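Chemist: quick one: sequence and predicted model below, then my questions.
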Amino acid sequence: MESFGESGIGRILKRKILLTISALALLFVIVFFFTEAKSQGKADSSPSSTLIGKAGSRLNTIRKNADRGIKKIVNSFSKGIGHDPADNGKTLPDQAELTRRLNAIVGKSKVDVALLDKKSGQQLTYSNGGSNFWLASSIKLSILTALVSQYGPLTGTDDQQAQAMITYSDNDSATYLFNELGGFPALEAFWARLSMTSTVSDYDGFGMSTSTAADQLKLLDYIRRLPADQKSYIMNLTGQVIPGQSFGVGRLKDAHFKNGWLNDDDGLWYVNSVGSVDDRYLIAIMTKNNLSSQAGERLTSRIARNLFNPNTMQLQKTKP
């Protein structure tokens, strides 16, 4: 682990402390010398060299104590600002550890997961063999982003519909904005522009369109690189999802996300969670074969927590 105490801010801090301690020590020697000399006066027959010797001995003690104090101060300071946990492997597990963790919790569900740390470049993925994951309501993030990238931040009725579509996943609002966008031809063109080649439309119902975790990361990365006003508009909406729908990525602090859930004809559930954390970690969790929507919500939330090492990412207060 790199120590910040011997370079950068730590080195500057140490020099400043040394100068301060040296100045104080010199002042102490002067005061000590004259105080000692005055107190002994004529009755003291020892030469001045004895006093200087005593002062020198005291100074050496001060310097030794100062060195110890400096090391403690600099080490304490460097622990606070000297390293980024994500850059030395403390925030995210390695790939082998993540695979072990998720193998232990996925059960009979099929799962596709991808995470990208935009600061360090670290990537984590997991798949236990599933494919053709329905987007369900998480497709609404694509609809919103396609609209905003084309027209800028939405206003008036479109803005009201977007708030309803994202914050509490209103389907009528989603249908309205899907049509405003231009339906599947416009959405497919948007996905092609982002090279989301594994995302496939289903004209029988846009919620049954399929995608992969890797493609959803492309969408999240695109949002992150939008002009400031467009990005801010999307992030504002995805940061206001109601507590009852804040599972998965939504269980992490500083999350902006859109979740989705939809059951198939066999009564099994597709449950997804797609979003970003702290404008740094891009996360896509897609699951299917869940016995209930609640089971899928619990699974995505457990997956989200296991993407990070313990005690490095705080959870939201709300529970799914």
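Modeler: Arrived safely. The shown structure was predicted, so the numbers you read here are calculated from the model rather than taken from an experiment.
Chemist: now Leu124: closest residue in space, sequence neighbours ignored.
Modeler: Distances taken as C-beta to C-beta, 6 or more residues apart in numbering put Leu115 closest to Leu124, at 4.4 Å, once the chain neighbours are dropped. C-beta: built from backbone N, CA, C; applies to glycine.
Chemist: Lys140 against Gln163, yeah?
Modeler: No. Using C-beta atoms under 8 Å, Lys140 is not in contact with Gln163; the gap is 11.7 Å.
Chemist: hang on, the earlier thing: phi and psi next, for the residue nearest to Leu124.
Modeler: phi -140, psi 140 (degrees, to the nearest 10).
Chemist: who's it bridged to?
Modeler: Leu124, Ile283 (DSSP bridges).
Chemist: what count of nearby residues applies to it?
Modeler: If you count neighbours by other C-beta atoms under 10 Å, Leu115 ends up with 24.
Chemist: quick one: contacts for it?
Modeler: Leu92, Gln123, Leu124, Thr125, Tyr281, Leu282, Ile283, Ala284, Leu307 (C-beta atoms under 8 Å, 6 or more residues apart in numbering).
Chemist: and the gap between Phe184 and Gly205?
Modeler: According to C-beta to C-beta, to the nearest Å, Phe184 and Gly205 sit 11 Å apart.
Chemist: likewise Gln230?
Modeler: For Gln230 relative to Gly205 (C-beta to C-beta), the value is 28 Å.
Chemist: what do you get for Pro93?
Modeler: 37 Å.
Chemist: settle it for me: which of those two has more neighbours?
Modeler: More crowded of Pro93 and Gly205, by other C-beta under 10 Å: Pro93, with 19 against 11.
Chemist: that's a helix at that one, yeah?
Modeler: No. Using DSSP: H, G, I helix; E, B strand; the rest coil, the secondary structure at Pro93 is coil, not a helix.
Chemist: in three-state terms, label Phe257 for me.
Modeler: strand.
Chemist: ok, now which ones touch it?
Modeler: Thr238, Val241, Ser246, Gly248, Val249, Gly250, Ser273, Val274, Gly275, Ser276.
Chemist: give me the nearest residue to the fourth one, chain neighbours excluded.
Modeler: Meaning Gly248. Nearest residue to Gly248 in three dimensions, chain neighbours excluded: Ser273, at 2.5 Å (C-beta to C-beta, 6+ apart).
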